[in-house]
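**Student:** Next input, structure requested:
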Amino acid sequence: MNRAALLLLCGVIVHSATARCVRTEDYVVINALSSPIEENFDTIGSAANALLPFAWSLASGSTIGGTIHTQHSAGTSGEGVLTGNSPGGFYNFADGVNATSTDRSVGFLADSFFTPNKSLFLELRNNTGTTISALNISYDIEKYRSGISSYDMNLYVGAFGATQTLISGATQHYDGDPQNAVVDPPARINKSVVADV
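**Tutor:** Now for the predicted structure:
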């Protein structure tokens, strides 16, 4: 059961935020609602065990507190290219040659041993002194490999310790493909949503 590899939340821009959601003591503090929070993964380098940017983590399912490192690294061309037989895991993807590309993304590749339903978390802490009732979120989803199974990419938002809410307008569906193959360049879809919290 191979699925397409893709990126979740490669470029998050949050104009407001909510409470804790990830690693203990590691969170981005929101001091003003007028200052967007932006992130890309271009600085993580090409290592298979790349360290994620501060306050980001990867996990299986929706359980907060997974890992802060990727497990594999692959590009869309040249040496270290992603293939139809690449192993499943948490990935450090490169648009181009893996060792030299500075266009990086973090994501997942499912296979029969690394099953679907993986998560990428960002923890934010509201320090504005006011209640935040909605999030303005913009992000890119990038597909790095085709996959034979269909699947949905979903976005959930919630306060630490509370039930996470599915933001239905953020869901991206992918039909199954005839085969598993690298997508070069990666297919990109931009999403912008308002999420009530």
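
**Student:** show me the residues around the residue lying closest to residue 60 once chain neighbours are set aside that make contact.
**Tutor:** Once flanking residues are discounted, residue 60 sits nearest to residue 118: 5.9 Å by Cβ to Cβ, 6 or more residues apart in numbering. C-betas here are computed from N, CA, C, even on glycine. By Cβ atoms under 8 Å, 6 or more residues apart in numbering, residue 118 lies in contact with 58-61, 90, 108, 110.

**Student:** And for the residue lying closest to residue 180 once chain neighbours are set aside, the neighbour number?
**Tutor:** Leaving aside its sequence neighbours, residue 180 sits nearest to residue 84 (Cβ to Cβ, 6+ apart; 3.6 Å). With neighbours defined by other Cβ atoms under 10 Å, the count for residue 84 comes to 13.

**Student:** Which strand or helix spans residue 185?
**Tutor:** Residue 185 belongs to strand 182-196 when assigned by DSSP states H and E.

**Student:** mean confidence for that strand?
**Tutor:** Model confidence over strand 182-196, given as mean pLDDT, is 94.

**Student:** ok, and what's touching that strand?
**Tutor:** In contact with strand 182-196 (Cβ under 8 Å, 6+ apart) are residues 4, 6-7, 76-77, 81-84, 93, 95, 105, 133-146, 155, 157, 165, 167, 169-170, 172.
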